[in-house]
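> sequence plus predicted model, see below.
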Amino acid sequence: MAYSSKVVDKFEKTLKDPKAASVGRWKPGDEDYDKVGTGIVGAPACGDVMKLQIKCEDIEGEKRIVDAKFKTYGCGSAIASSGQLIDMLKGKTIEEAKEICNKEIVDILELPPIKIHCSVLAEEAIKKAINDFETNDNIRKHNQ
Amino acid sequence: MDTKYLYKRNNVWWVKLAVPSSLRSELGYDLRKSTGQSDVEKAIVARENIIEELKKKFDSTSNKEIINEDLKNKVTYLDYASTTPVDNRVVEKMKDCLTIDGAFGNAGSRSHSYGWKAEELIEEARLNVAKLVNCDPREIVFTSGATESDNLAIKGAAHFYKNKGKHIITSKIEHKAVLDTCRQLEKEGFEVTYLETDEFGNVTPEQVSDAIREDTTLVSLMHLNNEIGVINDINKIGEITREKGVLFHVDAAQSAGKIPIDLNESKVDLMSFSAHKIYGPKGIGALFLRRKPRVRLEALFHGGGQERGIRAGTLPTHQIVGMGEAFRIAYEEIDQDYEKINSLKNRLYDGLKDMEEIYVNGNLENGYPGIFNLSFNYVEGESLIMAIKNIAVSSGSACTSASLEPSYVLRALGRPDELAHSSIRFSFGRFTSEKEIDFTIDLVKRSVEQLREISPLWEMYLDGVDLSKIEWAS
């Protein structure tokens, strides 16, 4: 597959130092797990599964993504796309994160047309993670 | 002379070195070092010394990376089933058939010595091809490759015998050259039965026997599968087709020169060969067309009547001579090649077999050892290929195909799609070294580990989650 140097670079950095590339997970029982939203998209049979987690906090009245982690099973561009998305998420408010569109990932990584679905998957993952966070958040508020 | 890692600057030869950056300052080495020699022979010797010196320093820092320094600078080729490098002996023979002082003539020119010389060389090559598979040289027709041979055999026989019947039998794991040819015949009104295989990829003689009908004219099955290395019993299947009066075509593109073929023994009527899978050039192949009992075909190409009118077109002397030499060498060296390849396969398997969640695709006991297909569960094949970029292999993953479909061969064996996505085909041959296999083991293990660390499926597997029970969004 003729990938851009951007994809190759992102992929190799992720493999070399996964922690620095935000590979990881928060699991039930972890401290602050209630601040985490999780989105899983794709299917093993299709060759792509992305798991994206965001940790959000109230900062000056706004919900802001203070940290994010991911794990991806998939081709090189799927791994690069999810890593790229993580970079874009950190520090954004939830409302800003909702605006992220797959086109941005395509442009930054110079994805070939046949790999655009990887960026679509990444966009779906963040939407799901945000939805998960907001659902849990509402339940929490309701219970308070 | 190997000057690959040398280059000249200011009249002095320099060495390119693969020293990990973390160790460069510590060892006082840069990426390059002057040999201090202007003479290339001396520079090569000096390079060896520099590497020895480096190795000693590295040993003391207990870092083994330098050991594979040569391999790190190149891409180790483990894709022999895709194509092979041409043997130097073959190249030498081919060179003599191109230029003004060589046998460049047209074998069809009967009026002068240029033509006669070319014809002589072609007939010698035909003999060498025939000898490897034990048939009459008059039964060999040169084509542009195994794809053309498959087309010529299947379409040619189907068309010629269409008044006898319009039913053809093949299997689901054939090469596309056979499957797509059959699809084409379906468009023309022929009916095709695609046999299932067992979990190892074998088609049994009984299956063939059961599938043959009144109107069946042809059975086409491969000898050795290109993706998984499984071998069909063409002798037994040939007994059945002969008894039932049906033609038997065998695609032997992957097997000729690698495992024994005896067409005097086997009741095969048509057999396709390729040169480039066995250290010959691309663009040349052959079709075996049995004389007794005689098999007839309708030609695909029409023209100057070459190859007894079966395949028109000026004979490419250099290509044919290359194929002949490749087949001659294969005849001489088939046993030693097999032995070497078998030991390399065992070495690779021994090195990898302790890994968790790996699956052998094909038959470990009863397949060709030069094609070794493994699925590394929870790791996607294309990403693994990217991670082991210093090794050239192929994958059944959808992401490596233009169609975005995982390998149809692995699916036909009943492998779940996720294992097809995770498959890697290692194929090796005459020029593969033990050092390259060791390098591969090392790199594959490390890369699979790295990719599993970032795989959510591996995480679920370790957590004891049953992945088949999860409802995945599509």
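Nice, thanks for sending it over.

> please count neighbours and contacts with C-alpha atoms only from this point.
Noted.

> tell me the confidence at the closest residue to chain A within the stretch 201-350 of chain B?
With distances taken as Cα to the nearest Cα, the stretch 201-350 of chain B approaches chain A most closely at residue B:227, which sits 19.1 Å away. Looking at residue B:227, its pLDDT reads 94.

> what separation is there between residue A:110 and residue A:116?
10 Å (Cα to Cα, to the nearest Å).

> ok, residue A:24 next?
Using Cα to Cα, one gets 24 Å for the distance from residue A:24 to residue A:116.

> over to residue B:110?
59 Å.

> these two: which is more packed in?
residue A:116 (18 against 11; other Cα atoms under 10 Å in any protein chain shown).

> chain A versus residue B:192, what's the distance?
To chain A, residue B:192 is 29 Å away according to Cα to the nearest Cα, to the nearest Å.

> which element is that residue on?
strand B:191-195 (DSSP states H and E).

> same check on residue A:40?
Using DSSP H and E, residue A:40 falls in strand A:36-43.

> tell me the helix or strand right after that strand.
strand A:48-59.

> ok, that following strand: who's next to it in the sheet?
Next to strand A:48-59 in the sheet, as set by DSSP bridges, lie strand A:36-43 (antiparallel), strand A:62-73 (antiparallel).

> so for the first one, mean pLDDT?
It stands for strand A:36-43. 94.

> how far off centre is that strand?
8 Å (Cα atoms, centre = their mean, to the nearest Å).

> could you do stretch B:275-294 as well?
15 Å.

> cool, and stretch B:121-128?
Worked out by Cα atoms, centre = their mean, stretch B:121-128 lies 24 Å from the chain centre.

> output the below-cut-off pLDDT ranges for chain A.
For chain A, applying pLDDT under 70 flags the ranges A:1, A:144.

> interface residues of chain A facing chain B?
Listed as neighbours of chain B in chain A under the rule Cα under 8 Å from any Cα of the partner chain: A:1, A:12, A:15-16, A:18, A:23-24, A:41-51, A:70-76.

> just the buried residues of those.
Neighbour counting by 16 or more other Cα atoms under 10 Å in any protein chain shown classes A:12, A:15, A:18, A:23-24, A:41-51, A:70-76 among the residues of chain A next to chain B as buried.

> and for stretch A:117-127, what's in contact with it?
The contact list for stretch A:117-127 (Cα atoms under 8 Å, 6 or more residues apart in numbering or on different chains) reads A:39-42, A:50-52, A:77-78, A:81-82, A:85, A:97-98, A:100-103, A:105-106.

> and the residue most central in space within chain A, what does it touch?
Nearest to the geometric centre of chain A sits residue A:52, at 4.2 Å (Cα atoms, centre = their mean). Going by Cα under 8 Å, 6+ apart, residue A:52 touches A:38-40, A:68-71, A:82, A:125-126, A:129.

> in a strand, residue B:198, correct?
No: under DSSP: H, G, I helix; E, B strand; the rest coil, residue B:198 sits outside any strand and is assigned coil.

> how many other residues sit next to the closest residue to it other than its chain neighbours?
Leaving aside its sequence neighbours, residue B:198 sits nearest to residue B:413 (Cα to Cα, 6 or more residues apart in numbering or on different chains; 6.4 Å). By other Cα under 10 Å, 19 other residues sit near residue B:413.
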